[in-house]
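Visitor: sequence below, structure please.
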Amino acid sequence: MFNLSKRIINAMILLLCDIGALLGAFLTAYHLRTRFEIFVQVQPINEYVLPLMALIGIIVLMFYKQGLYRDIRDLSMIEEYANIIKALTYAFLIALALTFFLKLYERSRVLVFLSWGIALIFLVIARFGYYSILKQVRARGWNRLRVAVVGSDKKVRAVGHLLKQYPQLGYYVAVKVILPRDVSPRSDNLRKKIDHEILSRYRCGQIDSVIISDTVKNYHHILEVHELFNEYRIPHRNVTEAFDLAGFKAPSGEGLEGLMNSLDEGQTSGGYKVLKRFIDEVVSLSIMLITSPLWLLIILAIKFDSQGPVFFRQERVGYHGRRFFIYKFRSMGMDTPKYAKTPHRKGDPRITKVGAFLRRTSLDELPQLINVIKGNMSLVGPRPEMPFIVEKYKPIYRCRLLVLPGLTGLWQVSGRTNKPLEENIKYDLYYMKNQSLLLDLVILLRTIPTVLFGKGAY
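Guide: Okay, the predicted model is just below:
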């Protein structure tokens, strides 16, 4: 049976990470607040001790209500970060309401809003760091869930393959139960099969949970299958596809073809598109202004490090197949072909010394903000590909051209590894089916720790 103490330890560590991030966010916000002389004088920090303790209590309660202390085994963590944003926002709204009703008008509202913004960043970074470490130790065999996979032979093999491919999910397939289509959920044979192959092992502590594959969901009496596990009080999870285990919920019964056929440019409102474009321009211009001294340093470093232009231009394919030139800081030598394959290992001889640092920190992509301002790209969207790659697209892959390409995207923040296009397309499809400002914000926040840790960048 799943070790309850490990779940408690996991929840306690998350709680400590959250409290540390919140305390750090408040201290950082208070430091910044006291440095701005244009505002009225802020109260001494000791006057905020009790309100801060109350606020942290509210936030922890909201996090618990959002399920943010449960055992998470998804690769994407998109829902996790979305829940953090919602819970943190609700908690601060409650705190603001309490300050109004309790007539605590002397408390700094600016400090509250600063704390919210900084806490959001600190919490995402803290959780990203913790889950990154947790995934590594799970890949080494610690805190693994022993599962029984139930379904058709094809789906069971697909789930088993995915769990081997991603050991950081922390699942170990202890039992495989193949159910033929002609078995009725109400039959005694099915109950005997589950009793023998699952229940007995669960009671002996040989398995901790059950994963029910897509084919089982297609049974006419699927509810009875779930009722069997509910009756035995065995934790179970239904997945429409093996891909769901990585944290992306594809619509039931839809393969890639079904997803592509259901995509429609009209599924997002005009208001969303206008607001997203406005945010793209404002954020990109702001980042360019803030980082302008860094641009100068990078330009000088590239000039002193190697011969050639500072900027690198390469033709890419964007929205509706329109071609445009993407801009980057040059990170490779002048003798490198413009459309050579992207480096996927450290120590690639084509990369310059300065270029290696720029690529590792993703600073080489800063000039893409110019593309965002020009309207060729968005801050968030599918990765723009080179023309010769797009020419080889299967019809199903062309759905990526229905939205503006992005500086960052869902699959980039989910590992930045050299995954095959067949796998990356699911990340893009998920984003296209679920576009929203909240999802964009989550991806942008998730990009921060991904860039800081330099995971998958060469």
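
Visitor: touching, residue 373 and residue 281? I think so.
Guide: Yes. Counting by CB atoms under 8 Å, residue 373 does reach residue 281; the two are 6.1 Å apart. C-beta coordinates here come from the backbone N, C-alpha and C atoms, glycine included.

Visitor: the stretch 251-400 of the chain: helices as residue ranges?
Guide: Taking DSSP state H, counting those that start in this stretch, the helices of the stretch 251-400 of the chain run over residues 256-262, 270-290, 292-305, 353-361, 368-374, 387-390.

Visitor: of those, which approaches residue 32 most closely?
Guide: Residue 32 sits nearest to helix 270-290 of all the helices of the stretch 251-400 of the chain, at 14.7 Å, using CB to CB.

Visitor: what's in contact with the closest one?
Guide: For helix 270-290, contacts defined as CB atoms under 8 Å, 6 or more residues apart in numbering pick out 295, 369, 372-373, 375, 378-379, 435-437, 440.

Visitor: out of the residues you listed, which are buried?
Guide: 369, 372, 378-379, 435, 440 (16 or more other CB atoms under 10 Å).

Visitor: ok, those vs residue 236, which is closest?
Guide: Of those, the one sitting nearest to residue 236 (CB to CB) turns out to be residue 435, at 31.4 Å.

Visitor: what's the spacing between that closest one and residue 355?
Guide: Separation of residue 435 from residue 355 (CB to CB, to the nearest Å): 34 Å.

Visitor: out of the helices and strands in the protein, which is least certain?
Guide: In the chain, no helix or strand scores lower on mean pLDDT, DSSP states H and E than helix 256-262, which sits at a mean of 44.

Visitor: follow-up on the earlier one: using JSON lines, lay out the helices of the stretch 251-400 of the chain together with distance to residue 171.
Guide: Listed next are those as JSON lines, based on distance: least, CB to CB, whole Å:
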{"stretch": "helix 256-262", "distance to residue 171": "24"}
{"stretch": "helix 270-290", "distance to residue 171": "36"}
{"stretch": "helix 292-305", "distance to residue 171": "42"}
{"stretch": "helix 353-361", "distance to residue 171": "31"}
{"stretch": "helix 368-374", "distance to residue 171": "37"}
{"stretch": "helix 387-390", "distance to residue 171": "34"}
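
Visitor: quick one: closest of these to residue 230.
Guide: helix 256-262 (30.0 Å).

Visitor: identify the farthest-apart pair in the contacts of helix 270-290.
Guide: 295 and 436 (31.7 Å).

Visitor: contacts only, for residue 84.
Guide: Applying CB under 8 Å, 6+ apart, the residues contacting residue 84 are 63, 66, 68, 120, 123-124, 127.

Visitor: tell me which helix or strand it sits in.
Guide: Using DSSP states H and E, the element containing residue 84 is helix 78-101.

Visitor: buried ones in the next helix or strand after that helix?
Guide: Per DSSP H and E, the first helix or strand lying C-terminal to helix 78-101 is helix 109-139. By 16+ other CB under 10 Å, the buried positions in helix 109-139 come out as 111-112, 114-116, 118-120, 122-128, 130-131, 134-135, 138.

Visitor: what's the angle from helix 109-139 to helix 78-101?
Guide: For helix 109-139 against helix 78-101, the angle by axes from the mean of the first three to the mean of the last three CA atoms, to 10 degrees is 150 degrees.

Visitor: who are the packing partners of helix 109-139?
Guide: Applying 3 or more CB pairs under 8 Å, 6 or more residues apart in numbering; DSSP states H and E, one finds that helix 109-139 contacts helix 4-35, helix 78-101, helix 437-453.

Visitor: next, the angle helix 78-101 makes with the helix or strand just after the longest one.
Guide: Yep, that's helix 4-35 we're talking about. Next helix or strand after helix 4-35 toward the C-terminus (DSSP H and E): helix 49-65. Here the directions of helix 49-65 and helix 78-101 differ by 140 degrees (the same axes, to 10 degrees).

Visitor: export helix 49-65 as PDB, just CAs?
Guide: Written as PDB, here are the backbone C-alpha positions of helix 49-65 (Å, rounded to 0.1, in the frame of the first residue of the first chain):
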ATOM      1  CA  VAL A  49       3.900  40.500  11.500                       C
ATOM      2  CA  LEU A  50       0.400  39.500  12.600                       C
ATOM      3  CA  PRO A  51      -1.300  40.500   9.300                       C
ATOM      4  CA  LEU A  52       1.400  38.600   7.400                       C
ATOM      5  CA  MET A  53       0.800  35.500   9.500                       C
ATOM      6  CA  ALA A  54      -2.900  35.700   8.900                       C
ATOM      7  CA  LEU A  55      -2.300  36.200   5.100                       C
ATOM      8  CA  ILE A  56       0.000  33.200   5.000                       C
ATOM      9  CA  GLY A  57      -2.700  31.100   6.800                       C
ATOM     10  CA  ILE A  58      -5.300  32.200   4.300                       C
ATOM     11  CA  ILE A  59      -3.000  31.400   1.400                       C
ATOM     12  CA  VAL A  60      -2.200  27.900   2.800                       C
ATOM     13  CA  LEU A  61      -5.900  27.200   3.300                       C
ATOM     14  CA  MET A  62      -6.700  28.300  -0.300                       C
ATOM     15  CA  PHE A  63      -3.800  26.200  -1.600                       C
ATOM     16  CA  TYR A  64      -5.200  23.200   0.300                       C
ATOM     17  CA  LYS A  65      -8.700  23.800  -1.100                       C
END
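
Visitor: name the residues of it that are buried.
Guide: For helix 49-65, burial by neighbour count (16+ other CB under 10 Å) applies to 51-52, 55-56, 58-60, 62-63.

Visitor: and these as CSV, adding distance to residue 302 and pLDDT?
Guide: Output for those, formatted as CSV (distance: CB to CB, whole Å; pLDDT from 0 to 100):
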residue, distance to residue 302, pLDDT
51, 49, 84
52, 45, 88
55, 46, 90
56, 45, 93
58, 49, 92
59, 44, 93
60, 47, 94
62, 47, 91
63, 44, 93
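
Visitor: now, which of those residues sits nearest residue 29?
Guide: residue 52 (10.7 Å).

Visitor: dump the residue contacts of that closest one.
Guide: 23, 26.

Visitor: what separates it from residue 59, distance-wise?
Guide: With CB to CB as the criterion, residue 52 and residue 59 are 10 Å apart.

Visitor: same question for residue 444.
Guide: In terms of CB to CB, residue 444 sits 21 Å off from residue 59.

Visitor: one more: residue 15?
Guide: Counting by CB to CB - residue 15 and residue 59 are separated by 11 Å.
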